[in-house]
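Mind looking at a prediction? Sequence and model below.
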Amino acid sequence: MYVQTVNGPIAPDQLGVTLSHEHVLIDFRCAWIVPPPQNSKLANAEVTTELVPILRGNPQYSLLNLVLDDEDTATGELKLFKQTGGNALVDMTDIGLGPDPSKLRRISQKSNVHIVAGCGYYRHIAQTPAVLIKDSSELSEEIVKCLQEGIGQTDVRAGIIGEVGTSDPLHPFERESLVAAAKAQNRTGAAINIHPDVWGRGHLEVLNILEAAGADLDRTIMSHMDEVMDPEWHTQVAARGVYLSFDTFGSEFTYDGVEEPKDSDRIRVLISLLEKGYCDRLLISQDICYKISLIRYGGKGYSHVLSGIVPQLKARGVADSELRKMLVENPCRILTI
Ligand SMILES: [Zn+2]
């Protein structure tokens with residue numbers, strides 16, 4: 001029994017407080033949106049604190065906002081996370097999002113934060129033509145290699161399959177990628193983390209495909225469940241036996257006039273699920289993927305769950321034992337191979 005980190009396997013009880021869906025390094029330019037003419041300068045502008053208020057109104061107009069690649073910045077941000085009691089995180093940057101496993105390993109060593117790397121394939125829009133034509137067997141071979149030998153040309157092994165990117169409607173490549181994830185899980189025992197179409201309703205179809213391909217839904221996480229505030233929907237997805245990841249705490253952005261939920265909404269729905277008895281199936285995290293979410297650029301950083309959300313949950317009556325499950329025990333169980 002072990003948890004596979006970028007620095008090798010560790011005993012599960014070494015993991016401690018763990019953010020289950022983050023990006024320390026990412027190239028998320030696949031999500032870039034061409035800004036309207038009045039904001040055309042945002043496309044290639046350097047991200048500065050002066051620009052943050054504008055970018056909060058649409059973080060995806062700026063190409064540079066979508067790239068986290070600076071080793072020193074990342075190390076500094078993770079040291080702050082460590083100071084607030086964090087000990088580990090899962091970096092969900094897989095193929096299509098620009099993984100850099102060697103840099104990730106160095107950042108983990110310098111910050112003294114355990115990092116578990118994801119592997120597998122993000123959404124079809126992020127893939128090259130050469131990847132898009134691969135079938136589930138080829139994709140599965142690559143995922144198993146990442147888990148058992150190393151990611152890319154490195155010996156840095158992944159510790160979880162994900163985030164497996166899907167769209168609504170599903171792209172044919174994404175069907176192959178889901179089947180590949182299920183096959184790789186069967187061969188390795190690693191957990192699977194799914195990125196659904198965030199505001200869509202394709203989640204159950206995704207789970208049907210995984211299940212038909214032999215995946216263990218008890219070892220599967222559905223991410224970004226805190227972007228839709230509908231407790232009935234949450235219980236429908238939870239009924240399939242998967243983990244529900246409330247992983248966008250701190251993201252209160254607007255996308256072309258459409259507002260994300262606020263943290264207060266996320267807390268309300270999370271508490272309703274705790275009251276229904278789902279504590280063993282809940283995870284909390286922040287899914288940082290923009291520069292403007294980092295402390296260096298005026299954002300809340302990787303400590304937001306611990307310093308901003310946990311105190312609010314406690315004030316609303318969430319017990320220490322429940323917090324321990326969502327931040328320590330559940331991530332540990334899902335990451336243990
Ligand atoms: Zn995602």
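Ah, there it is.

can you pull the contacts of Arg187?
140, 144 (CB atoms under 8 Å, 6 or more residues apart in numbering). For the C-beta atoms, the positions are set from N, CA and C on the backbone; glycine is no exception.

any idea how far the ion is from it?
According to CB to the ion, to the nearest Å, Arg187 stands 24 Å off from the ion.

and that residue, how far is that from Asn193?
Going from Arg187 to Asn193 by CB to CB, to the nearest Å gives 17 Å.

Also Thr128?
In terms of CB to CB, Thr128 sits 22 Å off from Asn193.

Same check on Met1?
To Asn193, Met1 is 20 Å away according to CB to CB.

for Ile10, same thing?
Taking CB to CB as the measure, Ile10 falls 19 Å from Asn193.

Leu97 too?
Taking CB to CB, one finds Leu97 at 13 Å from Asn193.

between those two, which one's more packed in?
More crowded of Leu97 and Asn193, by other CB atoms under 10 Å: Asn193, with 28 against 24.

How about the secondary structure of the more buried one?
Classification of Asn193 using DSSP: H, G, I helix; E, B strand; the rest coil returns strand.

neighbours of the residue lying closest to it once chain neighbours are set aside, just the number please.
Spatial nearest neighbour of Asn193, excluding adjacent residues (CB to CB, 6 or more residues apart in numbering): Gly162 at 2.9 Å. Using other CB under 10 Å, Gly162 has 26 other residues around it.

how about Gly162, what does it touch?
Gly162 is in contact with 92, 94, 118-120, 181, 191-195, 221, 223, counting by CB under 8 Å, 6+ apart.

Out of those residues, the closest to Leu274 would be?
Set against Leu274, the nearest of those by CB to CB is Ile221 (17.4 Å).

Now that closest one: which helix or strand?
strand 220-222 (DSSP states H and E).

what pLDDT does the nearest residue to Leu132 once chain neighbours are set aside get?
Closest residue in space to Leu132, ignoring its immediate chain neighbours: Phe173 at 5.0 Å, by CB to CB, 6+ apart. Among the per-residue scores, Phe173 holds a pLDDT of 98.

What's opposite the residue in the stretch 151-300 of the chain that the ion sits nearest to in the beta bridge?
When scored by CB to the ion, the stretch 151-300 of the chain has His195 as its residue closest to the ion, at 3.6 Å. Applying DSSP bridges to His195 gives these bridge partners: Gly165.

quick one, what contacts it?
92, 122-123, 162-166, 223-224.

where's it relative to Ala184, distance?
Relative to Ala184, and taking CB to CB, His195 is found at 16 Å.

Next, count neighbours for the spatially closest residue to Glu71 that is not a sequence neighbour.
Spatial nearest neighbour of Glu71, chain neighbours left out: Lys103 (5.6 Å); criterion: CB to CB, 6+ apart. Neighbour count for Lys103, taken as other CB under 10 Å: 17.

wait, is Lys103 part of a helix?
Yes: per three-state DSSP, Lys103 lies within a helix segment.

Correct me if wrong: it contacts Leu25.
Yes: assessed by CB atoms under 8 Å, Lys103 is found in contact with Leu25 at 6.1 Å.

Overlap of the contact sets of these two?
Asp69.

Now do the helices in the stretch 101-250 of the chain.
101-111, 129-132, 136-148, 172-188, 203-212, 231-238 (DSSP state H, counting those that start in this stretch).

Between the ones you listed, which one is closest to Ala158.
helix 136-148 (4.4 Å).
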